[in-house]
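> Next comes the sequence, and after it the predicted model I'd like to discuss.
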Amino acid sequence: MSIPMDYLVNICQKKTEFIGIENDEILAIQKAPNNRPRKGLNYRTPNEVMRRIEKPLDVLLHG
């Protein structure tokens, strides 16, 4: 799922220098959009939806 640009702009202002940003901060920026509820997902987060998909797949693949 791609990250909406307006959402990234709210997190990182234009012309942000990423050189001085720690890895933990970058990971938080990456995780934030996937923990945001979406109307198209019935107000669930993408992470919640993926967990529901992965659980049955794990059972099928690993018994």
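It's in.
> Please tell me how far residue 15 sits from residue 53.
Separation of residue 15 from residue 53 (CB to CB, to the nearest Å): 38 Å. Quick note: C-beta positions are derived from backbone N, CA and C, even for glycine.
> repeat for residue 28
Residue 28 is 24 Å from residue 53, by CB to CB.
> residue ranges with poor pLDDT in the chain?
Along the chain, the model assigns pLDDT under 70 to residues 1-14, 57-60, 63.
> Where do the helices of it begin and end?
5-11, 23-31, 46-62 (DSSP state H).
> Please save the CA atoms from the longest one in CSV.
Output in CSV follows, covering the C-alpha atoms of helix 46-62 (Å, rounded to 0.1, in the frame of the first residue of the first chain):
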residue,chain,number,x,y,z
PRO,A,46,-3.8,-2.0,7.3
ASN,A,47,-1.9,-3.9,10.0
GLU,A,48,-5.1,-5.3,11.4
VAL,A,49,-6.3,-6.4,8.0
MET,A,50,-2.9,-8.1,7.2
ARG,A,51,-2.9,-9.9,10.5
ARG,A,52,-6.3,-11.4,9.7
ILE,A,53,-4.9,-12.6,6.3
GLU,A,54,-1.6,-13.9,7.6
LYS,A,55,-3.1,-16.0,10.3
PRO,A,56,-5.1,-18.4,8.0
LEU,A,57,-2.1,-18.5,5.6
ASP,A,58,0.2,-19.5,8.3
VAL,A,59,-2.1,-22.4,9.2
LEU,A,60,-2.3,-23.5,5.6
LEU,A,61,1.4,-23.3,5.0
HIS,A,62,2.7,-24.7,8.3
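> Which residues outside it are in contact with it?
1, 33-36, 38, 41 (CB atoms under 8 Å, 6 or more residues apart in numbering).
> Do I have it right that residue 44 meets residue 37?
Yes: counting by CB atoms under 8 Å, residue 44 touches residue 37, with 6.3 Å between them.
> who has more neighbours, these two?
Each of residue 44 and residue 37 has its neighbours counted (other CB atoms under 10 Å); residue 44 has more, 14 against 11.
> ok, what's across the strand from that one?
residue 38 (DSSP bridges).
> Residue 62 versus that one, what's the distance?
25 Å.
> and if you look at residue 27?
27 Å.
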